[in-house]
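Participant: Give the three-dimensional model of this entry:
(chains A and B)
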There are 2 protein chains.
Amino acid sequence: MIVTPVILSGGSGTRLWPLSRTGRPKQLLRLTGEETMLQLTALRTPADAGFASPLVVANAAHAEMIEAQLAEAGVSDARIILEPAGRNTAPAIAAAALALDREAVMLVMPSDHVINDVAAFRAAVDAALPLVADGWLATFGITPDGPETGYGYIKRGDELAPGVARVERFVEKPDRATAEAYLTEGGYSWNGGIFLFSAGAYLDALRTHAPEILDAVTRSMDKAERRGQLIYPDTHDFAASPSQAVDYAVMEKADRVAVAPVEMGWSDVGSWDALHTISPRDEGQNVQLGEVVAIDTTGCMIRSEGPLVAAVGVKDLIVIATSDAVLILPRGSSQEVKRAVEALQKQGHVTLTRPL
Amino acid sequence: MIVTPVILSGGSGTRLWPLSRTGRPKQLLRLTGEETMLQLTALRTPADAGFASPLVVANAAHAEMIEAQLAEAGVSDARIILEPAGRNTAPAIAAAALALDREAVMLVMPSDHVINDVAAFRAAVDAALPLVADGWLATFGITPDGPETGYGYIKRGDELAPGVARVERFVEKPDRATAEAYLTEGGYSWNGGIFLFSAGAYLDALRTHAPEILDAVTRSMDKAERRGQLIYPDTHDFAASPSQAVDYAVMEKADRVAVAPVEMGWSDVGSWDALHTISPRDEGQNVQLGEVVAIDTTGCMIRSEGPLVAAVGVKDLIVIATSDAVLILPRGSSQEVKRAVEALQKQGHVTLTRPL
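Facilitator: Coordinates of the predicted model:
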């Protein structure tokens, strides 16, 4: 069964400010090495491993960068659906499903996650495929490595096939105590936002559980403009869709939902701390990137795309420098970046939006 | 008696890197407010307080900036001796003395010190003047406010006149224990490098104690080129002078040396920590200058001339940002900036020399 990678590139978060900005979101950054997160995602499911050409759903404002990055990565056959407005993941996936045959199997992936063990990922996809062929909606459950409160959890039910269980229930981001109880109890996975289902099964579930989304997106795709590999859904109709995450609109409500638990070195790189955790460190436990001089410095992540950064005698700091902004905070508190961003939003500060 | 301010602007230190550079040394920076250190120095001894036009001795490389800054401060009548090479303070003061009448009283001041209580400073000058008229060499002794190991000390001897004592001896920078002993013992001042003497008395002392300096500088000044208010000593002869500090070449050796102890809010602003100490702080004990967003941040000095700096949840850091370099170190360790500078010197890094 040929699987079509559907890459969701709608995000425009600021959790990795000052590197990420509205004009250059996280998925378009070279966070972990030579490739951008989008490129890494596209390269995870190549044609020579039996995958179909990818379908990317992206913010229309990023069209040029997306095309350029895919071309740079040698992915020349991708089709790109350019969303005229962000309506969260359920409508984005609906647009992709409508651009495919009903029988097509969609592997829906955020464009800004890291997966170190691609073989494990593909094995999990293979494990879920027979159920998907039978009409199930599948999700991949990340094996938790701590009582993380930033992710949704999936309670696994009965085994449906080797490596695949029925989803007993989805749980919203828990508090710390609840997350710890889940780990003690066992049988929980993190919801990593990666899905496998046929286009038809998804559209049918949408018809049942979120018909307004299906109607709006169907109208917008019926009127879509096509230019080469670019697809422009109708602006007015697309914008009329409710803005909902696929988890909420479909997965939590549908009947036949399966989870394939997988340990694959996954990270959503949702913070500077998360990036520090997955990055190779020197003997001082520092991550250094760009023009950095670190002396007597330990446990720091120091990156610069702009000015030289010289650190002497500092410990456990995150320092991110660009040509127009420098962020400094203690490691372990990188969720606090949002407070800096909020302060800058009040000023309408240009470093939040300006591409670099 | 009319006093001629002699402003020494030869320094090109890197203790305040990345703001100070070879191309833009500390005295040319706006460190404490609207005026640069050079401007503050020139404005300390204005014509309307009875001072003669100042004589500035400066690095030829900084000629334009010096002229522009003096003009900006409304000091249009300064003569400027442009040193073709740095030979420390004894030759610089010799050049100034040779540009003046023997009877002229020279008030020699580094161009990069802060003096908050100018009235106290002028009173100390007045106290020393009668002795200077009598041929004494005078220095000003800063009242120590701690066992500082970064300064030379002056042991005061018998009182010569109200507010002026004979110098018993000069002491090189002591170690911590010695500095503490001086404070306990009493009778010591810091050597702040500010001097008062007649041109003739200085040249005579130089003839006795450092004749090679006098000879070389005399030759270079005899051949000096003059263009308007600019004086260019002969390069070859000036460079032939031994490189010596006035303390070592003259003051420590001469016979009739007096010290006027003075409490005048003096700082040599010799480090970022020193600047933090003398700068006004907000309620979080932070010093912020330039485009800075500081959240939950205490005890920090954060300055930017370049990128926005956002700090969240950090404590007791010094952060200095320019368009091409950012320095980060803990407060209390700003002497360690030299280690960053040394590392950059090995690379021949442009941020050490590039003017901003």
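
Participant: Can you tell me how far the closest residue to residue A:89 other than its chain neighbours is from residue A:256?
Facilitator: If the residues on either side of it in the chain are set aside, residue A:89 comes closest to residue A:246, at 4.4 Å by CB to CB, 6 or more residues apart in numbering or on different chains. All C-beta spots, glycine's among them, are computed from the backbone N, C-alpha and C. Between residue A:246 and residue A:256 the distance is 15 Å, computed by CB to CB, to the nearest Å.

Participant: Comparing those two, which residue is more hemmed in?
Facilitator: In this view residue A:246 and residue A:256 are compared by other CB atoms under 10 Å in any protein chain shown, and residue A:246 has more residues nearby, 27 against 16.

Participant: So which bits of the stretch 151-300 of chain A are right by chain B?
Facilitator: Contact residues of the stretch 151-300 of chain A with respect to chain B, defined by CB under 8 Å from any CB of the partner chain, are listed as A:293, A:295-296.

Participant: List the ones among those that fall in helices.
Facilitator: The subset of those located in helices under the criterion DSSP state H is empty.

Participant: Export those to a markdown table and append columns for neighbour count, distance to residue B:93 and pLDDT.
Facilitator: Conversion of these to a markdown table gives the following (neighbours: other CB atoms under 10 Å in any protein chain shown; distance: CB to CB, whole Å; pLDDT from 0 to 100):
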| residue | neighbour count | distance to residue B:93 | pLDDT |
| --- | --- | --- | --- |
| A:293 | 21 | 37 | 96 |
| A:295 | 16 | 37 | 97 |
| A:296 | 15 | 39 | 97 |
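
Participant: biggest strand in chain A, by residue count?
Facilitator: The single longest strand within chain A, with elements called by DSSP state E, is strand A:188-198.

Participant: Partner strands of that one and their direction?
Facilitator: Here strand A:188-198 has these sheet partners by DSSP bridges: strand A:105-110 (antiparallel), strand A:137-142 (antiparallel), strand A:153-161 (antiparallel).

Participant: wait, what's in contact with the residue in the stretch 51-200 of chain A that chain B sits nearest to?
Facilitator: Taking CB to the nearest CB as the measure, the stretch 51-200 of chain A has residue A:150 as its residue closest to chain B, at 17.9 Å. Listed by CB atoms under 8 Å, 6 or more residues apart in numbering or on different chains, the contact set of residue A:150 reads A:173, A:270.

Participant: Next, it: phi, psi?
Facilitator: Taking degrees, to the nearest 10, you get phi -90, psi 0 for the backbone angles of residue A:150.

Participant: Could you double-check that residue A:295 lies in contact with residue B:343?
Facilitator: Yes. Applying CB atoms under 8 Å, one finds residue A:295 in contact with residue B:343, separated by 6.5 Å.

Participant: Could you list the low-confidence segments of chain A?
Facilitator: Regions of chain A meeting the criterion pLDDT under 70 cover residues A:12.

Participant: which residue is nearest the centroid of it?
Facilitator: For chain A, the residue whose C-alpha lies nearest the mean C-alpha position (CA atoms, centre = their mean) is residue A:110; its distance is 2.9 Å.

Participant: Now for it: which residues touch it?
Facilitator: Residues in contact with residue A:110, defined by CB under 8 Å, 6+ apart, are A:7-8, A:11, A:27, A:41, A:193-194, A:268.

Participant: likewise residue A:222?
Facilitator: The neighbours of residue A:222, taking CB under 8 Å, 6+ apart as the test, are residue A:234.

Participant: So it versus residue A:237, what's the distance?
Facilitator: With distances taken as CB to CB, residue A:222 is found 8 Å from residue A:237.

Participant: Counting neighbours, what do you get for the residue lying closest to residue A:335 once chain neighbours are set aside?
Facilitator: On the basis of CB to CB, 6+ apart, the spatially nearest residue to residue A:335 that is not a chain neighbour turns out to be residue A:271, at 5.8 Å. Burial measure for residue A:271: 21 neighbouring residues, criterion other CB under 10 Å.

Participant: number of nearby residues for residue A:16?
Facilitator: Residue crowding around residue A:16 was assessed by other CB under 10 Å; the count is 23.

Participant: got a list of what the residue nearest to residue A:30 when sequence neighbours are not counted touches?
Facilitator: The shortest distance from residue A:30 to any non-neighbouring residue, by CB to CB, 6+ apart, is to residue A:36 (5.3 Å). Residue A:36 makes contacts with A:27-30, A:69, as judged by CB under 8 Å, 6+ apart.

Participant: got CSV for the residues you listed, with secondary structure and neighbour count too?
Facilitator: As requested, those are exported to CSV (DSSP: H, G, I helix; E, B strand; the rest coil; neighbours: other CB atoms under 10 Å in any protein chain shown):
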residue, secondary structure, neighbour count
A:27, helix, 31
A:28, helix, 26
A:29, coil, 19
A:30, coil, 15
A:69, helix, 22
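
Participant: which one of these sits closest to chain B?
Facilitator: Within the contacts of residue A:36, proximity to chain B (CB to the nearest CB) peaks at residue A:29, which comes in at 17.8 Å.

Participant: Now do the same contact list for the closest one.
Facilitator: Under the criterion of CB under 8 Å, 6+ apart, the contact partners of residue A:29 comprise A:16, A:19-20, A:36-37.

Participant: repeat that with 7 Å
Facilitator: Under the criterion of CB atoms under 7 Å, 6 or more residues apart in numbering or on different chains, the contact list for residue A:29 reads A:19-20, A:36-37.

Participant: Also residue A:17?
Facilitator: With contact set as CB under 7 Å, 6+ apart, residue A:17 has these partners: A:327, A:337, A:341, A:352.

Participant: Would you mark the buried spots in stretch A:219-226?
Facilitator: By 16 or more other CB atoms under 10 Å in any protein chain shown, the buried positions in stretch A:219-226 come out as A:219-221, A:224.

Participant: the helices in the stretch 201-350 of chain A, which residues?
Facilitator: Secondary structure of the stretch 201-350 of chain A, counting by DSSP state H, counting those that start in this stretch: helices at A:211-222, A:235-239, A:246, A:272-278, A:337-347.

Participant: C-alpha coordinates for the longest one, PDB please?
Facilitator: Taking C-alpha atoms only, helix A:211-222 is exported to PDB below (Å, rounded to 0.1, in the frame of the first residue of the first chain):
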ATOM      1  CA  PRO A 211     -19.600  18.500   9.200                       C
ATOM      2  CA  GLU A 212     -19.100  22.300   9.200                       C
ATOM      3  CA  ILE A 213     -15.400  21.800   8.600                       C
ATOM      4  CA  LEU A 214     -16.000  19.300   5.800                       C
ATOM      5  CA  ASP A 215     -18.500  21.500   4.100                       C
ATOM      6  CA  ALA A 216     -16.300  24.700   4.200                       C
ATOM      7  CA  VAL A 217     -13.200  23.000   3.100                       C
ATOM      8  CA  THR A 218     -14.900  21.000   0.400                       C
ATOM      9  CA  ARG A 219     -16.300  24.200  -1.000                       C
ATOM     10  CA  SER A 220     -12.900  25.900  -0.900                       C
ATOM     11  CA  MET A 221     -11.200  23.000  -2.500                       C
ATOM     12  CA  ASP A 222     -13.900  22.700  -5.200                       C
END
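
Participant: any idea how far it is from the chain center?
Facilitator: 23 Å (CA atoms, centre = their mean, to the nearest Å).

Participant: now swap in stretch A:106-126 and tell me
Facilitator: Taking CA atoms, centre = their mean, one finds the center of stretch A:106-126 at 11 Å from the center of the full chain.

Participant: Please point out which parts of that stretch sit buried.
Facilitator: By neighbour count, and taking 16+ other CB under 10 Å as the criterion, the buried residues in stretch A:106-126 are A:106-115, A:118, A:121-122, A:124-125.

Participant: do the same with stretch A:314-333
Facilitator: Buried residues in stretch A:314-333, counted by 16+ other CB under 10 Å: A:314, A:316-331, A:333.

Participant: how far does it stretch from start to finish?
Facilitator: Using CA to CA, to the nearest Å, the end-to-end distance of stretch A:314-333 comes out at 16 Å.
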